[in-house]
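Asks: 3D, please:
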Amino acid sequence: MAKVASVCAVCVSEAKGTIKTPVNEIVLQKGHGIVGDAHAGDWHRQVSLLAQESADTPRQRFPTIAPGAFAENILTQGLVLYTLPVGTHLRVGPALLQITQIGKECHQDCEIRRQTGDCVMPREGVFAIVITEGTVRAGDVVEVAAAPAS
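Replies: Numbers count the residues shown, from 1 in each chain. Below you'll find the predicted structure:
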């Protein structure tokens with residue numbers, strides 16, 4: 001039986017380089033990303049995802065770190081996202097995403113690094129493009145829809 005993963009929170013920001021704010025729902029648009037998010041556009045990092053399990057380590061030292069603090073759009077639980085290969089398709093609620101990048105170059109002066117001394121997004125964050133659009137909310141199921149061909 002496959003392990004069930006879920007969305008813990010969905011978050012957006014109006015400007016790049018800032019902490020994202022939790023919202024009730026996000027609308028994912030094919031070839032664009034999240035409607036109203038600063039990172040949306042025609043590029044390979046339309047949506048950012050981070051596992052709650054990755055965020056738990058810094059939260060042990062700083063328990064008040066809120067969802068979106070690592071600049072993630074979608075915070076998940078139950079799936080080790082950064083172990084999935086580039087090209088993997090993820091079903092997130094009704095939407096279908098394709099992982100395009102694992103980790104990223106860190107902005108050494110990012111807000112979370114200044115507050116905690118560390119940021120997990122450069123090591124364990126996952127970036128994706130929107131293949132099939134849909135509205136995503138906390139509580140939605142997350143599952144691997146297809147792994148890339150070897």
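Asks: Quick check: what element follows the one helix or strand residue 22 maps to along the chain?
Replies: For residue 22, the host element (DSSP states H and E) is strand 21-23. Next along the chain after strand 21-23, taking DSSP H and E as the criterion, comes strand 25-29.
Asks: Not counting its own residues, what contacts that next one?
Replies: Contacting residues not belonging to strand 25-29 are listed as 10-12, 34-37, 40, 47, 73-74, 92, 95, 97, 130, 133-137 [C-beta atoms under 8 Å, 6 or more residues apart in numbering]. C-beta here means a position set from N, CA and C on the backbone, and glycine is covered the same way.
Asks: Find the centremost residue of the protein, please.
Replies: residue 49 (1.2 Å; C-alpha atoms, centre = their mean).
Asks: Distance check, that one against residue 35.
Replies: Counting by C-beta to C-beta, to the nearest Å, the separation of residue 49 from residue 35 is 17 Å.
Asks: Assign residue 82 to helix, strand or coil.
Replies: helix (DSSP: H, G, I helix; E, B strand; the rest coil).
Asks: from what I can see it touches residue 127, true?
Replies: No. The criterion here is C-beta atoms under 8 Å, and residue 82 misses it with residue 127 at 10.8 Å.
Asks: So between the two, which is more surrounded?
Replies: residue 127 (22 against 18; other C-beta atoms under 10 Å).
Asks: Listing partners with orientation, what would you give for the strand holding residue 22?
Replies: Strand 21-23 has its sheet partners listed here by DSSP bridges as strand 5-12 (antiparallel).
Asks: what's the longest helix in the chain?
Replies: helix 52-61 (DSSP state H).
Asks: What separation is there between residue 85 and residue 28?
Replies: For residue 85 relative to residue 28 (C-beta to C-beta), the value is 21 Å.
Asks: Out of these two, name the residue with the larger neighbour count.
Replies: Ranked by neighbour count (other C-beta under 10 Å), residue 85 and residue 28 place residue 28 first, with 30 against 10.
Asks: That one pairs with what?
Replies: As for beta bridges, residue 28 partners with residue 34, residue 134 under DSSP bridges.
Asks: and it, how far is that from residue 53?
Replies: For residue 28, the distance to residue 53 - C-beta to C-beta - is 23 Å.
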